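*Asks:* Here is my input; please provide its structure:
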Amino acid sequence: MASFDSEREPAIPEPVIEDGIDYWNTQPASLDGVLGGFGSGSLPRIDSLGSRLFLLNLYPELCTVPSAIKPLTPQINHRIRALDVGAGIGRVTADVLLHLVSDVVILEPVESFVQEALARARASVQNISTRERPVWTGLADQTKSVTLLQGTLQVFDPLNPHRVTFLDRLGYQPTRPQDEIGMGFDVIWCQWCLGHLSDPDLVTFLTRSHAALREKEKGRSLIVVKENLCSDKDDGTADTIFDVQDSSLTRSDLAWKNIFKEAGLKLVDQKVQEGLPQGLYAVKMYALR
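*Replies:* Here you go, the predicted structure:
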């Protein structure tokens, strides 16, 4: 007769960060590379538009377009800071965040990706644009800034970023840059990268991120998680799938919500990203405070 232990489902492997970085080092530092071959189609534009609308719905003060019905009135008295983790070549920073916030901090572990993001930011300061490297908003006129860090989420603390490597800050320069260390963030954006964290590491990172939100008491600052979803199990319980190719986890909707609860976060909004190519995992956005 089989023992009780032998009837248990096999444990899901945990991601190994070195294996994940090794995989991404084999991919080109381009839109196609970071988007799995979908960089030249409609996916980047649809994804970025969906992200902007989701964020604006939650944080309408970031809107920069006046209308006849509701003219813009200043409602924010400080520069809005965003953190873009697992940022790759800076796609979300360039296409979403810099259009809505003042200052963005990029964190990326893969050398070729973060160096490409750095090259794009530096070219933008000089207002040099090519088809492969469009100009990032606000850097040439120094109204906005991008700070680039290299490191992994496993060791990164948004309030104490001493375990990662500072590469450069471009665009707007504050009088006292040191004052921004430990200042926290209004928006922490996590997209297509959290699958490289085990459940315990993910809970730790989200807990640190929650501590780094600047205006929790006012209900403004937030964490956005945008990730692929597998289906929950047939019995309605959470599921997780391990991808041996890039050493990552794809979690189901319930698996994500269990993680958020364990990290002490409140889910304030959620939306499936529509319009993506057929054959891909569903992609969902979660807003957390």
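*Asks:* Could you pull out the strands in the stretch 151-289 of the chain for me?
*Replies:* Assigned by DSSP state E, counting those that start in this stretch, the strands in the stretch 151-289 of the chain fall at 165-171, 187-191, 222-229, 240-243, 248-251, 267-272, 282-288.
*Asks:* Report the buried residues of the second one.
*Replies:* Neighbour-count burial for strand 187-191, with 16 or more other CB atoms under 10 Å as criterion, is recorded at 187-191. C-beta coordinates here come from the backbone N, C-alpha and C atoms, glycine included.
*Asks:* Contacts for that strand, please.
*Replies:* Under the contact criterion CB atoms under 8 Å, 6 or more residues apart in numbering, strand 187-191 has outside partners 51, 55, 59, 80-86, 92, 96-97, 101, 158, 209, 212-213, 221-227.
*Asks:* Now Asn127. Nearest residue, chain neighbours left out?
*Replies:* In space, and not counting its chain neighbours, Asn127 is closest to Ala140: 4.2 Å by CB to CB, 6 or more residues apart in numbering.
*Asks:* and if you look at Ser40?
*Replies:* Asp32 (6.2 Å).
*Asks:* what's the neighbour count on the one you found?
*Replies:* 15 (other CB atoms under 10 Å).
*Asks:* Ok, the one 3 residues further on next?
*Replies:* Burial measure for Leu35: 19 neighbouring residues, criterion other CB under 10 Å.
*Asks:* For it, give its distance to Asp95.
*Replies:* Noted for Leu35: a distance of 12 Å to Asp95, by CB to CB, to the nearest Å.
*Asks:* list the residues that contact both of those two?
*Replies:* Contacts common to Leu35 and Asp95, judged by CB under 8 Å, 6+ apart, are Pro44.
*Asks:* Hmm, Gln16 is touching Ser247, no?
*Replies:* Not Gln; residue 16 is Val. Yes. Shown here, Val16 and Ser247 form a contact pair, counting by CB atoms under 8 Å, at 5.0 Å.
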